[in-house]
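1. Okay, structure incoming, though there's no sequence with it:
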């Protein structure tokens, strides 16, 4: 599958996510009456840090082409206290949906926007009162890239500033929201900002602005809400940090209170946003946590029931580390080779070097603290530290990194538990 290209192992987690994604499509094929009754099967991922929980969410966001937001559960507080309330998750999700649709619509009107941008560049070059023959002469030069490096002054709209949306006091989450920007019209509209840029750099700015003028904002907002309601995905990370552990008494505004606020959101409710009300009945929630100190049963029973699919991610082995370094797209090895390549330095990693790096990372994880695949980044950075520092002076050289090189540079540190605590 697509996830296998970036994530090693964790078949159960990838399978659960794949099924959940396919069920979104299946639901859309049903007739309206039955479609309303099919609710998403929310997922709880349980596993130590650095095994791929967050990476699955990142890759899922790119694959889904749907409104997606990854948030930390610890960022929120109970409604009524200072801090962000959980309904902000849905408001951010709507903004994500609007961004996706705008990007799609801009591509559809790009040809028109390009022509309008060209006219504005000509206005900046010859003025609005120039003769048609003059404009055409400059248009030909423009299209043949003869004027690319000429500097022109263009005016870019600054957009609206000032207050946006707030809830009526005393009615948090009650659906009573005021959009001041809409009420006051252009009172907060800033005049255009003049910028001096080269002709070839001006196109990107002008095309983006002209494309936005061709978009139907109200239609996009309406479609974004529908997209969020039927295809939205929320990845709720660090949910174990808001558990109430056994033996701990009293309420906590950033723990049990947040769990209580999440209940209606996951079960299905209507959240007021500045673009309109959003129903959360069919938004997919994927929660994850390491659960080192607490355990899933420490969550509120009602919240446990709203996360019916549980997937356990296993700790990574030494062989997994080797696979991560060798077989994944955009692996750390490929990244460092590409980075040094920009300086003209060629890095040549041998097979036994990759195995030695995996051994060092696994050894430190076993003896100090298991942080999963993130340990590979620490080991790799320490390994190429000197090469990276001296790279500007070594252009054209090829540096071979073998098992002996790895053991010489990080082997001693990996074997010394006291040193590893502070260096690796």
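-> Thanks, I have it. These figures come from a predicted structure and were not determined experimentally. Residues are numbered from 1 along each chain as shown.

2. Specify the residue ranges that define each domain of the chain.
-> Domain assignment for the chain, taken from automatic domain parsing, gives 2-100+228-312, 109-222, 318-412.

3. Now tabulate those in TSV and tack on mean neighbour count and mean pLDDT.
-> Yep, even glycine has a C-beta here, placed from its N, CA and C like the rest. TSV is the format used below for these (neighbours: other CB atoms under 10 Å; pLDDT from 0 to 100):
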stretch	mean neighbour count	mean pLDDT
domain 2-100+228-312	18	85
domain 109-222	14	76
domain 318-412	17	91
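
4. what about residue 287, which SS state?
-> strand (DSSP: H, G, I helix; E, B strand; the rest coil).

5. so what's it bridging to?
-> Here residue 287 sits in beta bridges with residue 44, residue 236, going by DSSP bridges.

6. Show the contacting residues for it.
-> 42, 43, 44, 45, 73, 236, 237, 239, 307 (CB atoms under 8 Å, 6 or more residues apart in numbering).

7. Could you export those to JSON lines, including columns for distance to residue 88?
-> As requested, the contacts of residue 287 are exported to JSON lines (distance: CB to CB, whole Å):
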{"residue": "42", "distance to residue 88": "19"}
{"residue": "43", "distance to residue 88": "22"}
{"residue": "44", "distance to residue 88": "22"}
{"residue": "45", "distance to residue 88": "23"}
{"residue": "73", "distance to residue 88": "13"}
{"residue": "236", "distance to residue 88": "13"}
{"residue": "237", "distance to residue 88": "15"}
{"residue": "239", "distance to residue 88": "17"}
{"residue": "307", "distance to residue 88": "20"}
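
8. Closest to residue 271 out of the residues you listed?
-> Residue 271 lies nearest to residue 236 out of the contacts of residue 287, by CB to CB, at 15.3 Å.

9. Quick check: the closest one vs residue 54, distance?
-> As judged by CB to CB, to the nearest Å, residue 236 and residue 54 stand 12 Å apart.

10. what do these two both touch?
-> Counting by CB under 8 Å, 6+ apart, the common neighbours of residue 236 and residue 54 are residue 288.

11. those strands in the stretch 1-150 of the chain, which residues are they?
-> Here the stretch 1-150 of the chain has its strands, by DSSP state E, counting those that start in this stretch, at 43-46, 68-72.

12. closest one to residue 360 among those strands?
-> Residue 360 sits nearest to strand 43-46 of all those, at 27.8 Å, using CB to CB.

13. From the contact counts, what lies against that closest one?
-> Where contact means 3 or more CB pairs under 8 Å, 6 or more residues apart in numbering; DSSP states H and E, strand 43-46 is packed against helix 11-28, strand 284-289, strand 309-312.

14. show me the contacts for residue 387.
-> 340, 345, 347, 394, 399.

15. hang on, it is in a helix, isn't it?
-> Yes: counting by three-state DSSP, residue 387 is part of a helix.

16. can I assume residue 230 sits in a helix?
-> Yes: looking at residue 230 with three-state DSSP, it is inside a helix.

17. Once you drop chain neighbours, what's closest to it?
-> Spatial nearest neighbour of residue 230, chain neighbours left out: residue 282 (5.7 Å); criterion: CB to CB, 6 or more residues apart in numbering.

18. Assign a three-state SS to that neighbour, would you?
-> coil.

19. isn't it right up against residue 227?
-> No: here residue 282 does not reach residue 227: they are 11.2 Å apart, not a contact under CB atoms under 8 Å.

20. Now render the helices and strands packed on strand 43-46 as TSV, adding distance to residue 217.
-> Shown next, in TSV, are the helices and strands packed on strand 43-46 (distance: least, CB to CB, whole Å):
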stretch	distance to residue 217
helix 11-28	26
strand 284-289	27
strand 309-312	38
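
21. So which of these is nearest residue 326?
-> Closest to residue 326 of those, according to CB to CB: helix 11-28, at 18.7 Å.

22. tell me the angle that closest one makes with strand 284-289.
-> Between helix 11-28 and strand 284-289, the angle comes out at 160 degrees (axes from the mean of the first three to the mean of the last three CA atoms, to 10 degrees).
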